[in-house]
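Enquirer: Give me the fold of what follows.
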Amino acid sequence: MTPAGEQTDVLVIGGGNAALVSALTAADTGARVLLLERAPAAFRGGNSRHTRNIRCAHDTGDDFTTGPYPYDELRHDLYSVGTGPGDERLADLTIRQSMDAPAWMTAHGAHWQPALSGTLNLARTNRFFLGGGKALLNSYYRTAERSGVRIAYDRTVTHLEFDGPTCTEARTADGRRIRAAAVICASGGFEADLGWLGRYWGDAVQGFHVRGPSYNDGTVLRELLDAGARRAGEERGFHAVAVDARSPRYDGGIATRIDSIPFGIVVNREGHRFYDEGEDIWPKRYAIWGRNIALQPGQIAYALWDTKVQGAFLPPMYGSYTAKTVEELAGLLGLDQRAVTETVDAYNAAVDRGGAARRPFTMARPDGRATAGLDPPKSNWAQRLDTPPYRAVPMRPGITFTYLGVAVTDRARVRRAEGDTFRNVFAAGEIMSGNILSTGYLAGFGMTIGTVWGRIAGREAARHALG
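Expert: Modelled structure (predicted):
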């Protein structure tokens, strides 16, 4: 148990990837480190325990990636999603420092595996954790304990005390008061606080699911903002994907994601298509679908496909609705049968007009199989829905993390709205992701941000604490 009034060199608030990387780096530098994880040990790790991979630039392939993914290509990919990076200088720094992240991770306990099939075409660009994010975190926790990092679970920081630009004390829900020479805030975003999200999204939040734990309610972020931290990131910005509408409201994780979208079509509750399902290769565009659905009536949509593609993607966790006809399928979903049937007929006719059948179908890259005369179009992977049985799943927006957070320097020091920085407060991970992300997302890049900025924050906090 951490005694009341304890002092430490570096206090890390959070228990996920960014927090652990910060703690490990600070310990490597020689600092005494205390890490406070809000969750109990069985649920430690925040969103990171639901992850599978990390996206890093690399000049050559190896046993775990199938080819090179140079700096310039990763930069192009990141700049092409959403409205581009929040701060280009910090985004470029993140990409550069991603290049040696896997070696650091391996040295601190990470184990890797080759990409499996059905993993969003990431075998070249991303490295997969053996056993997933939970296994990675377990390895990091073991390494941290061997390194002398003290870890306290069920420890919620409720208040940060400041004297001007200096954080003098952290208080926890159980009445403890901790003084630290340096504080690293790596406690995630505010996605689990639906009231906070509701300020920007209104009643739509009632249809949102939160893919991660209910602990990520932004308590520490709110403390920083109340203390005068400068904001970074868009208020409505988040990483959100399409998840099964039948999944839990909280903590459903990656298993609830729906991967069938580019293989068929998506309709809203009125039975109409509303966005291009084949806009670009899936790792660059899968994360737009949470926002797409959030903007639809009732914040719900339905993915439809046929037997031709069944088995070509990761199956829905809760199975799919199945019917011999499109009309019957619409009825099972509670949708207007005529509207859905007309939508599918119009789509099939547009596939024929586009001559898609003359091009080979492949999910390895944009294949140019496009519709013609259809609004919205399907730009790639268009093929008729004409082979029963037909299948469908209902979908809702599944929020992973929010982008609105605190602004940081290139040394991870938290900026103040007044123009200077806090003297001893640093940030890493989702709480500062808005410096880099805007409205879009790139698969695996949240772990990149957490790893790169965890190392920066840990190093700089330790240097500050040790003088």
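Enquirer: C-alpha only now, for contacts and for neighbours.
Expert: Fine.
Enquirer: okay, how far is it across stretch 370-385, tip to tip?
Expert: Terminal residues of stretch 370-385 are spaced 14 Å apart (C-alpha to C-alpha, to the nearest Å).
Enquirer: List the buried residues for it?
Expert: Within stretch 370-385, the residues scored as buried using 16 or more other C-alpha atoms under 10 Å are 370-372, 377-385.
Enquirer: just stretch 142-149 next, same as before
Expert: Per 16+ other C-alpha under 10 Å, stretch 142-149 contains these buried residues: 143-144, 147-149.
Enquirer: now swap in stretch 204-220 and tell me
Expert: Under 16+ other C-alpha under 10 Å, the buried positions of stretch 204-220 are 204-205, 207-220.
Enquirer: Mind naming the longest helix for this protein?
Expert: Criterion DSSP state H: the longest helix present in the chain is helix 445-466.
Enquirer: So what touches that helix?
Expert: 9-10, 17-27, 29-31, 48, 53-56, 94, 97-98, 101, 181-184, 411-413, 424-430, 433 (C-alpha atoms under 8 Å, 6 or more residues apart in numbering).
Enquirer: Out of these, list just those in helices.
Expert: 17-27, 94, 97-98, 101.
Enquirer: just those residues now: which is nearest Leu160?
Expert: Ranked by distance to Leu160 (C-alpha to C-alpha), those are led by Ala19 at 17.2 Å.
Enquirer: How many residues are close by the closest one?
Expert: As a burial measure, Ala19 scores 33 neighbours (other C-alpha atoms under 10 Å).
Enquirer: Now do the same contact list for it.
Expert: With C-alpha under 8 Å, 6+ apart, Ala19 has these contacts: 12-13, 35, 184-187, 428-429, 450, 454.
Enquirer: try 10 Å this time
Expert: Going by C-alpha atoms under 10 Å, 6 or more residues apart in numbering, Ala19 touches 11-13, 25, 35-37, 45, 184-188, 427-429, 450-451, 453-455, 457-458.
Enquirer: Kindly report the same for His108.
Expert: Shown in contact with His108 (C-alpha under 10 Å, 6+ apart): 21, 24-25, 102, 136, 139-144.
Enquirer: Can you tell me which of those residues comes closest to Tyr403?
Expert: Distance to Tyr403 across the contacts of His108 (C-alpha to C-alpha) is lowest for Val21, with 20.1 Å.
Enquirer: what angle do the longest strand anywhere in the chain and helix 445-466 make?
Expert: For the chain, the strand reaching the highest residue count under DSSP state E is reported as strand 390-402. Strand 390-402 runs at 20 degrees relative to helix 445-466, counting by axes from the mean of the first three to the mean of the last three C-alpha atoms, to 10 degrees.
Enquirer: who does the helix or strand that strand 390-402 is followed by pair up with?
Expert: Using DSSP states H and E, the helix or strand that directly follows strand 390-402 along the chain is strand 405-406. Applying DSSP bridges, strand 405-406 is found paired with strand 231-232 (antiparallel).
Enquirer: roughly how far is the partner strand from the heart of the chain?
Expert: Once both centres are worked out by C-alpha atoms, centre = their mean, to the nearest Å, strand 231-232 turns out to sit 18 Å from its chain's centre.
Enquirer: Can you pull out the residues in contact with the helix or strand of the chain with the lowest mean pLDDT?
Expert: Least confident helix or strand, the chain: helix 282-285 with a mean of 74, by mean pLDDT, DSSP states H and E. The contact list for helix 282-285 (C-alpha under 10 Å, 6+ apart) reads 77-78, 80-82, 119-122, 125, 241, 259, 261-262, 277-279, 288, 363-366, 440-444.
Enquirer: Which among those residues count as buried?
Expert: Buried members of these, counted by 16+ other C-alpha under 10 Å: 78, 81-82, 119-122, 125, 241, 259, 261-262, 277-279, 288, 366, 440-444.
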